[in-house]
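[1] structure for this input, please:
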Amino acid sequence: MKLVKSLLLGSAAGLIAVGGAQAADLPVKAKAVEYVKICSLYGAGFYYIPGTDTCIKLGGYLRAEVALGTNSDFGGGLNVSSQGANGARNRLTNYYTMRAREDLNIDTRTATEYGVVRTFFDGVFSWTSGNYVGTGSATGTTAYSGTLAAATNPGATTTGLFGSGSGSVNGTDSNTSGGSLGVYYAFIQFAGFTMGKAVSQFDAPWTNYPGNNFDSLVGGSGTVTGVNQFTYTADFGQGVTASFSAEDVSSYYQAGNLNMTGASASGMLSGAYGSNAIGGTRSPNLVGMVRVDQAWGLFQASVAAHDNHVGYYGASEATGHPDDKWGWAVQLALSIKNIPTGAGDVINISGVYTDGATRYNFQNLAGSTYSMWGTTSTGNYGSVGFATAPDTVYVTGSQQETVKTWGFRGAYTHNWDPYWNTAIYGAYAQAQYGTLAKTTLCGAGGAGGGVFGAGFAGVTSCNPDFAIGQVGLITRWTPVKNLTFSADVAWTHLDQKYAGSVTPAATIAVPAKPAATYDLKDQDSVVLLLRAQRNW
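    Got it, this is the predicted structure:
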């Protein structure tokens, strides 16, 4: 009996031991998997970040394009710059410029007791073809634009041509210019406040694109790549909002404060009417906006104040300086939807007036300095048209005198069917100088005196006022959702007020242009932009 009892107890102990060993090998119960959930609070495309109450949406586009007739993917062949021979119209000028770009944006939103907290980031990765620039050597040596920039600015890296270039991280290859990274938007919105880099509150909702892809449209503001700001927006309901904003002046809103004492007749041919002497920042631009957004369309009124703060008359503090001069701008914008010509058709128009705040008319992608060279039928070597519109001008010992401008832009877009649409657009902007500028540059009689009139005997009429007129046509095809092909042709006309001819005594500061006789003449530019874009 004892033997049987011992066997039973031993067997039980063995089974317990084996069971314990097997139990030790069983897997530990896993934690619940946190699946990504759809967030329907803020529209399509939002998801909850796992483990949080924050919703996120990723978006962007990939774009490939070629611009014909320009050295810049965003310009209109309007001027000569250190990076190219855009307005020179000779063998150093590009017939085309190509660009590829990836845009990435990240939108996050969190519901709180104070309302939605939103952050938004938009960055671009671009690759743009460059161009070759003459070095002025006797053997006709040229240099790639990026290489030349590094040579003339030690320590500089190559800058890609994309939009305004502000806020960018320069170049990926100092020998083959083109690679670039840019930050368009980076802002926080909370309880009615917007803090960071966003579109200016002065701008119309379509910025500088009432119906076009062409970047260099004059006639209004256009901070399409954002400007640093601190803004409060009040929502009164029924589509009525009002904003007050303090916006960074240094990135996009400095058209120039020119000391005309440094002007020369030959320098004026490149649009240089003196020495730019912008001082340090003192006040941001102060912007106010009221908008009514309804089913029929939109109306917006905007005002801005701009402080023109200059450095010194000379090289040191002892030389003195002009007092600050406040400039201002006002803009009205109107959008009309649901017009009888077709579903989705729209008309967008805006008009602007500035006094000492030129960038609100000649926006940063259009620029306000022009130097365009062409042919002539008079037997002279060629022709030239030039102009510039700074914020203010002065001479050593004087106060600042503002430059006044006005302009408008607009577009009509018609949808032929769900896949095709066409827009016709246009713009006009005019700049007007005061008495100090006209006397200094042209003399009291308008010609034969002043910097320019005395510098060139062939000048028969001297007047720094000018106008820019633009007309364009764009057609878009969207064969499948979010994939669009477009062709955009834009004509730009420089209406300058000089007449006669000029004969520089030495080689002028324009790529490969010789010392010869040039007629003073209005100039034209035509650019064709072909684009393929996939939004996601």
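
[2] shaky segments in the protein?
    Along the chain, segments meeting pLDDT under 70 span 1-34, 72-86, 136, 145-178, 445-448, 506-509.

[3] can you map out the helices along it?
    Listed in chain order, the helices found in the chain under DSSP state H are 2-25, 145-152, 265-268, 435-442, 450-455.

[4] packing partners of the last one?
    Helices and strands in packing contact with helix 450-455 are listed as helix 265-268, helix 435-442; criterion 3 or more C-beta pairs under 8 Å, 6 or more residues apart in numbering; DSSP states H and E. Where you see a C-beta, it was placed from the backbone N, CA and C, and this is true even at glycine.

[5] can you pull the buried residues of it?
    Within helix 450-455, the residues that qualify as buried by neighbour count (16 or more other C-beta atoms under 10 Å) are Gly450, Val451, Phe452, Gly453, Gly455.

[6] now, which of these sits nearest Gly279?
    Each of the buried residues of helix 450-455 was checked against Gly279 using C-beta to C-beta; the closest is Val451, at 23.6 Å.

[7] I'd like the distance between that closest one and Cys442.
    Note on Val451: its distance to Cys442, by C-beta to C-beta, to the nearest Å, is 8 Å.

[8] what segments of the stretch 251-400 of the chain are strands?
    Taking DSSP state E, counting those that start in this stretch as the test, the strands found in the stretch 251-400 of the chain are 257-259, 275-276, 285-294, 297-308, 325-337, 346-355, 369-374, 382-388, 392-394.

[9] reformat these as JSON lines; add distance to Arg409 and mean neighbour count.
    Shown next, in JSON lines, are the strands of the stretch 251-400 of the chain (distance: least, C-beta to C-beta, whole Å; neighbours: other C-beta atoms under 10 Å):
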{"stretch": "strand 257-259", "distance to Arg409": "26", "mean neighbour count": "24"}
{"stretch": "strand 275-276", "distance to Arg409": "27", "mean neighbour count": "16"}
{"stretch": "strand 285-294", "distance to Arg409": "18", "mean neighbour count": "18"}
{"stretch": "strand 297-308", "distance to Arg409": "14", "mean neighbour count": "20"}
{"stretch": "strand 325-337", "distance to Arg409": "10", "mean neighbour count": "19"}
{"stretch": "strand 346-355", "distance to Arg409": "6", "mean neighbour count": "22"}
{"stretch": "strand 369-374", "distance to Arg409": "17", "mean neighbour count": "23"}
{"stretch": "strand 382-388", "distance to Arg409": "19", "mean neighbour count": "24"}
{"stretch": "strand 392-394", "distance to Arg409": "24", "mean neighbour count": "26"}
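
[10] now for the ones you listed, which one comes closest to Asp53?
    With respect to Asp53, and counting by C-beta to C-beta, the nearest of the strands of the stretch 251-400 of the chain is strand 285-294 at 29.5 Å.

[11] now do the closest one and strand 297-308, the angle between them.
    Between the axis of strand 285-294 and that of strand 297-308 there is an angle of 180 degrees, by axes from the mean of the first three to the mean of the last three C-alpha atoms, to 10 degrees.

[12] strand partners of strand 285-294, parallel vs antiparallel please.
    The pairing partners recorded for strand 285-294 under DSSP bridges are strand 240-247 (antiparallel), strand 297-308 (antiparallel).

[13] would CSV of those strands with distance to Ala277 be doable?
    Putting those into CSV (distance: least, C-beta to C-beta, whole Å) gives the following:
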stretch, distance to Ala277
strand 240-247, 22
strand 297-308, 11
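
[14] and stretch 414-421, what's buried?
    For stretch 414-421, the buried set under the neighbour-count rule, 16+ other C-beta under 10 Å, comprises His414, Asn415, Asn421.

[15] tell me the spacing between the closest residue to the first one other than its chain neighbours and Thr422.
    Same thing as His414. Leaving aside its sequence neighbours, His414 sits nearest to Asp345 (C-beta to C-beta, 6 or more residues apart in numbering; 5.2 Å). Using C-beta to C-beta, we find Asp345 at a distance of 10 Å from Thr422.

[16] just checking, Phe46 touches Ser40?
    Yes: A contact is recorded between Phe46 and Ser40 when judged using C-beta atoms under 8 Å, the distance being 7.5 Å.

[17] between the two, what contacts are shared?
    Here Phe46 and Ser40 have no joint contacts, going by C-beta atoms under 8 Å, 6 or more residues apart in numbering.

[18] more crowded one of these two?
    Neighbours per residue (other C-beta atoms under 10 Å) separate Phe46 from Ser40, with Phe46 holding more: 18 against 9.

[19] and the more buried one, what does it touch?
    Contacts were defined as C-beta under 8 Å, 6+ apart; by that measure Phe46 touches Ile38, Cys39, Ser40, Cys55, Ile56, Lys57, Asp107, Arg109.

[20] rerun at 6 Å
    Residues in contact with Phe46 (C-beta atoms under 6 Å, 6 or more residues apart in numbering) are Cys39, Cys55, Lys57.

[21] pretty sure the first one contacts Tyr48?
    Right, the one you point to is Cys39. Yes: under the criterion of C-beta atoms under 6 Å, Cys39 makes contact with Tyr48 at 5.1 Å.

[22] which neighbours do those two have in common?
    For the pair Cys39 and Tyr48, residues contacting each of them under the criterion C-beta under 6 Å, 6+ apart are Cys55.

[23] higher neighbour count, these two?
    Using other C-beta under 10 Å, the more surrounded residue of Cys39 and Tyr48 is Cys39, with 20 against 17.

[24] bridged to the residue nearest to Gly356 when sequence neighbours are not counted, which residues?
    Sequence neighbours aside, Gly327 is the residue nearest to Gly356 in space, at 2.3 Å (criterion: C-beta to C-beta, 6+ apart). Going by DSSP bridges, Gly327 is paired in beta bridges with His306.

[25] the longest strand along the chain packs against which elements?
    The residue-count maximum for a strand in the chain (DSSP state E) belongs to strand 96-112. Other elements packing on strand 96-112 under the criterion 3 or more C-beta pairs under 6 Å, 6 or more residues apart in numbering; DSSP states H and E are strand 54-68, strand 115-128.

[26] turn those into a markdown table, including mean neighbour count.
    What follows is the helices and strands packed on strand 96-112, written out as a markdown table (neighbours: other C-beta atoms under 10 Å):
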| stretch | mean neighbour count |
| --- | --- |
| strand 54-68 | 17 |
| strand 115-128 | 18 |
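
[27] out of those, which gets nearest to Gln470?
    Proximity to Gln470 (C-beta to C-beta) singles out strand 54-68 among those, at 15.3 Å.

[28] off-centre distance for the closest one?
    When C-alpha coordinates are averaged (C-alpha atoms, centre = their mean, to the nearest Å), strand 54-68 and its chain have centres 16 Å apart.

[29] neighbouring strands - and their directions - for it?
    For strand 54-68, pairing defined by DSSP bridges yields strand 47-48 (antiparallel), strand 96-112 (antiparallel), strand 523-535 (antiparallel).

[30] could I get those as CSV with distance to Gly426?
    Below are the strands paired with strand 54-68 laid out as CSV (distance: least, C-beta to C-beta, whole Å):
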stretch, distance to Gly426
strand 47-48, 43
strand 96-112, 24
strand 523-535, 14
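
[31] and of the ones you listed, who's closest to Tyr209?
    Closest to Tyr209 of the strands paired with strand 54-68, according to C-beta to C-beta: strand 523-535, at 12.1 Å.

[32] quick one: buried residues of that closest one?
    Neighbour-count burial for strand 523-535, with 16+ other C-beta under 10 Å as criterion, is recorded at Gln523, Ser525, Val527, Leu529, Leu530, Arg531, Gln533.

[33] nearest to Gly69, of those?
    Among the buried residues of strand 523-535, and counting by C-beta to C-beta, the member closest to Gly69 is Val527, at 4.7 Å.
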